[in-house]
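**Student:** Sequence plus the predicted model coming up.
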Amino acid sequence: RAAGDRAGPRLPHQHNSAQRLRAVWNELAVPTSLVQAVADLGGPVLLVDDRIETGWTMTVAAKLLREAGAPAVLPLALAVTA
C-alpha cells in the first residue's frame, strides 16, 4: 500500500503499542512511481490523516517519505481519537 493509503482493518484497542507498530510497519510503502517525485520536491510534503488513534500510521508514513527523499514532512490530522 502507498504510505497513507491504509485500507486495512484497524487493530482493536487491546493491542499494545508494539503490536500496532508491527502491523503498520509491514503495511505501508512509498510506491516506486512516487519515489522520484518525492525526491525532486523543493519543499515539504503535507501528510494528511483523517484520524489518529495511536500515531503509528503517521509516524511510519512520515519515516517512509523521508527515506524516499522528502526534504521534510508536515503531519496534519483531522481528528485525534486516542
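**Tutor:** Nice, thanks for sending it over.

**Student:** how long is stretch 44-52 end to end?
**Tutor:** Stretch 44-52 has an end-to-end distance of 21 Å (criterion: Cα to Cα, to the nearest Å).

**Student:** What helices and strands are in contact with the longest helix along the chain?
**Tutor:** The longest helix of the chain (DSSP state H) is helix 56-67. Helices and strands touching helix 56-67, by 3 or more Cβ pairs under 8 Å, 6 or more residues apart in numbering; DSSP states H and E, are helix 17-25, strand 45-49, strand 73-77. Where you see a C-beta, it was placed from the backbone N, CA and C, and this is true even at glycine.

**Student:** okay, the ones you listed in TSV with mean neighbour count next?
**Tutor:** Listed next are the helices and strands packed on helix 56-67 as TSV, based on neighbours: other Cβ atoms under 10 Å:
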stretch	mean neighbour count
helix 17-25	14
strand 45-49	16
strand 73-77	14
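
**Student:** now those in a markdown table, with distance to residue 36 and mean pLDDT?
**Tutor:** Output for the helices and strands packed on helix 56-67, formatted as a markdown table (distance: least, Cβ to Cβ, whole Å; pLDDT from 0 to 100):
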| stretch | distance to residue 36 | mean pLDDT |
| --- | --- | --- |
| helix 17-25 | 24 | 87 |
| strand 45-49 | 14 | 95 |
| strand 73-77 | 17 | 96 |
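
**Student:** Thanks again, I'm all set now.
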